[in-house]
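Student: no sequence for this one, just the structure:
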């Protein structure tokens, strides 16, 4: 366990001191280094989810009740507006209210446990990263992003969704808003949204 903690801290310090590792770096690592890196990354994902979630939630009960009401109101308004195109869009919320709505939404959905924690076997992730980074265009993808892509692929991400994500991860398209990529059909009609991670 101490080894994993040291590996994770090394990854944080190294990443903050220099540009993030990419597929080019990954392809130059030995199998042992890849596994050690992934061990630290997986341990770190568990640590972040278990120790950093609480500060994002709202500790004050009165503010939390107000945030809940705003969250329920905004969800109801946007739901009505999307179901009926003739329905007026809801009023704009100020920045503080938007922040409370988003914080409460995070509290409700607890996305760190769903998205951040890596539960796949390290060797499975390593093999998937080898496949991702075999493609020369993908070698500029950050290793951390590729790990989450590998997690999604192992979890059943369709090839068509992976192909939509790759240009964003390679930096060929601007980063999506809050990690949500809208997908449209040939008639520019919204089909679905792909979340990343």
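Tutor: Sure, I can see it. All of these numbers come straight from a predicted model, not from anything done at the bench.

Student: helices or strands up against the helix or strand harbouring residue 42?
Tutor: Following DSSP states H and E, one finds residue 42 within helix 31-51. Using 3 or more CB pairs under 8 Å, 6 or more residues apart in numbering; DSSP states H and E, the elements in contact with helix 31-51 are helix 2-17, helix 122-134, helix 143-154. For the C-beta atoms, the positions are set from N, CA and C on the backbone; glycine is no exception.

Student: Show me what the shortest one is in contact with.
Tutor: What that stands for is helix 143-154. Contacts to helix 143-154, defined as CB atoms under 8 Å, 6 or more residues apart in numbering, come from residues 15, 20-23, 25-26, 37-38, 41, 115, 118, 120, 124-125, 128-129, 132-133, 138, 141, 157, 161-162, 165, 169, 196-197.

Student: Need the buried ones from those residues selected in ChimeraX.
Tutor: Isolation of the buried members of the contacts of helix 143-154 (16 or more other CB atoms under 10 Å) is achieved in ChimeraX through the command below:
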select :21,22,23,25,26,37,38,41,115,118,120,125,128,129,132,133,138,141,157,161,165,169,196,197
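
Student: where among the helices and strands packed on helix 31-51 is the average confidence lowest?
Tutor: Here the lowest mean pLDDT among the helices and strands packed on helix 31-51 goes to helix 2-17, at a mean of 42.
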